[in-house]
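Chemist: After the sequence you'll find the predicted model.
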Amino acid sequence: MKPLSLLLTVGIGTLFGACLPLEDRPIGNVNVPQPSKPVDLTRYLGKWYEQARYEASFQAGCEAVSAQYALKPDGAVSVINSCRQGSPSGAPKTAEASARVVEGSNGAKLKVTFFWPFGGDYWVLDRAQDYSWSIVGEPSGRYLWILTRSPAVTSKQYAALVRRAKSLGYNTALLRRTQQ
């Protein structure tokens with residue numbers, strides 16, 4: 001019985017530890033803005049490609065990062081995050097989640113749950129009128145993603161997206177460019 005108790009204690013401790021915010025992560029924006037535009041969920045659904053991010057332990061070594069969003073029958077959003085380990089041709093890695101739009105957020109804020117009962121915030125801080133790009137963050141300022149509908153963007157397009165993130169108050173020196 002004691003080994004089982006120890007295993008449960010260590011397992012639960014590890015689970016909770018993995019879900020706590022990473023307090024030692026640099027804060028890239030101490031005044032995260034509220035999302036600037038409403039988001040039409042039906043237009044936001046589909047595939048997005050990560051162009052840059054603030055590095056996070058759960059994405060360590062990830063390249064060729066993409067996210068696929070689809071509407072579930074119950075109104076929630078299915079999330080499938082994919083990447084390749086080490087390089088765009090590396091071993092595939094996926095994580096599945098479910099998301100729900102936060103009431104009163106004009107569709108721009110979601111709560112994403114990779115495993116119950118722990119959820120994270122996903123804020124579409126800004127987006128293109130045609131939904132060709134989005135800048136996603138969360139309230140702590142420790143995470144930031146620049147997403148596009150196309151896996152490849154020109155250096156001019158990338159620079160414009162980085163400038164937009166900077167105009168939102170983000171320290172763009174913390175951005176890590178994603179290889180696609």
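Modeler: On my side now, so go ahead.
Chemist: Can you tell me, leaving aside adjacent residues, what's nearest to the spatially most central residue of the chain?
Modeler: Residue closest to the mean C-alpha point of the chain, counted by CA atoms, centre = their mean, is Trp145 at 5.9 Å. Leaving aside its chain neighbours, Trp145 sits nearest to Val136 (4.4 Å; criterion: CB to CB, 6 or more residues apart in numbering). No exception for glycine: its C-beta is placed from N, CA and C like everyone else's.
Chemist: that older thread, can you name every helix or strand that the helix or strand where the residue nearest to the centre of the chain lies contacts?
Modeler: Assigned by DSSP states H and E, Trp145 falls within strand 144-148. With contacts defined as 3 or more CB pairs under 8 Å, 6 or more residues apart in numbering; DSSP states H and E, strand 144-148 has these neighbours: strand 46-54, strand 133-137, helix 155-167.
Chemist: re the thing from before, who touches the residue nearest to the centre of the chain in this structure?
Modeler: Applying CB atoms under 8 Å, 6 or more residues apart in numbering, we find Trp145 in contact with Glu50, Ala52, Arg53, Tyr54, Ile135, Val136, Gly137.
Chemist: Let's see that with 7 Å instead.
Modeler: Applying CB atoms under 7 Å, 6 or more residues apart in numbering, we find Trp145 in contact with Glu50, Arg53, Val136.
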